[in-house]
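Asker: model this:
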Amino acid sequence: MCRLRDCSVCECPDSEFPESFKKPYRRGLPSDDLMCQEGKPQAAVDRTLDSKAFRGWTETDNPWTYDDETDNSEMTYVNLQLNPERYTGYTGPSARRIWDAVYSENCPKYPAEELCQEEKILYKLISGLHSSISIHIASDYLLDEATNLWGHNLKLMYDRVLRYPYRVENLYFTFLFVLRAVTKAADYLEQAEYDTSNPTEDLKTQSLMKQLLYNPKLQAACPLPFDEAKLWKGQRGPELKQKIQAQFKNISALMDCVGCEKCRLWGKLQVLGLGTALKILFSVNGEEHLGQTLQLQRNEVIALMNLLNRLSESVKFVHEMGPAAENLIEGKISSPTRLNSLVQRIWASTVKT
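Answerer: Predicted structure coming up:
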């Protein structure tokens, strides 16, 4: 359960977002955990919002996510910059049950050699997202509640992620998977309407998007981060795709069961981002859907780009602080070569995946 106060979310006043986004019905993130309301301020979601928002996006269902994730009439608005992904005090059996359900209900318990490639990929994506979330909690952690001291909890990062090489590998895999989705949707993302009624910020957004999509160093390092054309082949392809779609939908629905609202906010956002990546890579698939054009909702693009940011920040933190975490735990004075060597091997293997 939450230990920190005000885990609940305060609704954003109607005056803080444009008329075009006002809907007849609106509800916030579910507040089903009353005990969360008695926590502490670090877990609260700050719903203050600038009077700027995207508009003009097409409203289409995502076959990979639970309907609630992309139903704009069922949503409210929050400023993500005022609600960073960090430690909230949400721990214990309630938090563990969510991840236990995600894995037990959607990831087969067969030996790895019995899993097909598509099933392995679903597990890697969930594991990679889990690792990234753990890293962000460890990177912005309440070290001393009495003095409100925040900082890096390297022991937590080591215990939850670094001591398990496959979790680091899955983090890199998920980053490359999402990166591939973004680069595949480059034409759409470049031409999309980024209109927030602030011309200066809109031009900056368009410029930054183009810098990301057509970065020559990135294109040289990762010309094809992930090759989705190898999947869904054979007679069982369509059936397998429907099965894994249903499993991922279930994962997105499970995010509503998270007791801490700030945790639920970031969980739903990043699962929607991963569902958007799946939609881009597998719902509009080159020669198999020649007449089908990519359509994304505004919230899907927001979720996708925030997820890419979260994953890239996690990879960066592992690269920069991983050796220090190993030194701290293992009592070494220096020599971060083991983790660096591991990261290099992981990068080489995931790029080739």
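
Asker: same question for stretch 164-182, mean pLDDT?
Answerer: Stretch 164-182 carries an average pLDDT of 94.

Asker: May I see the buried residues of it?
Answerer: 167-182 (16 or more other CB atoms under 10 Å). For glycine as for every other residue, the C-beta is placed from the backbone atoms N, C-alpha and C.

Asker: Ok, stretch 148-158 next?
Answerer: 152-154, 156-158.

Asker: Mind picking the two most distant members of the buried residues of stretch 164-182?
Answerer: Within the buried residues of stretch 164-182, Arg167 and Val182 form the most distant pair, 23.0 Å apart (CB to CB).

Asker: Let me have stretch 89-101 in CSV, keeping just the CA atoms, if that works.
Answerer: Extracted in CSV, the C-alpha atoms of stretch 89-101 (Å, rounded to 0.1, in the frame of the first residue of the first chain):
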residue,chain,number,x,y,z
GLY,A,89,5.9,4.5,-1.2
TYR,A,90,3.6,2.1,-3.0
THR,A,91,5.0,-1.2,-1.8
GLY,A,92,3.9,-4.5,-0.2
PRO,A,93,1.5,-7.2,-1.2
SER,A,94,-0.8,-4.9,-3.2
ALA,A,95,2.0,-3.7,-5.4
ARG,A,96,3.4,-7.2,-5.8
ARG,A,97,0.0,-8.6,-6.8
ILE,A,98,-0.2,-6.4,-9.8
TRP,A,99,3.1,-7.6,-11.3
ASP,A,100,2.3,-11.2,-10.3
ALA,A,101,-1.0,-11.0,-12.2
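
Asker: Pull out the buried positions in that stretch.
Answerer: The neighbour-count check on stretch 89-101 (16+ other CB under 10 Å) flags 89-90, 94-95, 98 as buried.

Asker: Now, those residues that are in helices?
Answerer: Among the buried residues of stretch 89-101, the ones falling in helices (DSSP state H) are 94-95, 98.

Asker: Output the residues you listed in CSV; the columns should cover pLDDT.
Answerer: Converted to CSV, these look like this (pLDDT from 0 to 100):
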residue, pLDDT
Ser94, 80
Ala95, 80
Ile98, 89
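
Asker: Ala246: how many residues sit nearby?
Answerer: 12 (other CB atoms under 10 Å).

Asker: What are the contacting residues of the strand or helix carrying it?
Answerer: Taking DSSP states H and E as the definition, one finds Ala246 inside helix 237-254. Residues outside helix 237-254 that contact it (CB atoms under 8 Å, 6 or more residues apart in numbering): 63-66, 68-69, 98, 101-102, 105-107, 116, 118-119, 122, 126, 231-232, 268, 271-272, 274-275, 278, 282.

Asker: Show me just the buried residues among these.
Answerer: Buried among the contacts of helix 237-254 by 16+ other CB under 10 Å: 63-66, 69, 98, 102, 106-107, 118-119, 122, 126, 231-232, 268, 271-272, 274-275, 278, 282.

Asker: Torsion angles phi and psi at Ile133?
Answerer: Here the main-chain torsion angles of Ile133 (degrees, to the nearest 10) amount to phi -60, psi -40.

Asker: Kindly report the same for Gly151.
Answerer: phi 180, psi -160.

Asker: That one and Ser312: what is the separation?
Answerer: Applying CB to CB, to the nearest Å, the value for Gly151 to Ser312 is 21 Å.

Asker: Spell out which helix or strand contains Tyr166, please.
Answerer: Counting by DSSP H and E, Tyr166 is found in helix 165-184.

Asker: Which other helices and strands does that helix contact?
Answerer: helix 117-139, helix 199-213, helix 261-282, helix 298-330, helix 337-352 (3 or more CB pairs under 8 Å, 6 or more residues apart in numbering; DSSP states H and E).

Asker: Okay then, goodbye and thanks.
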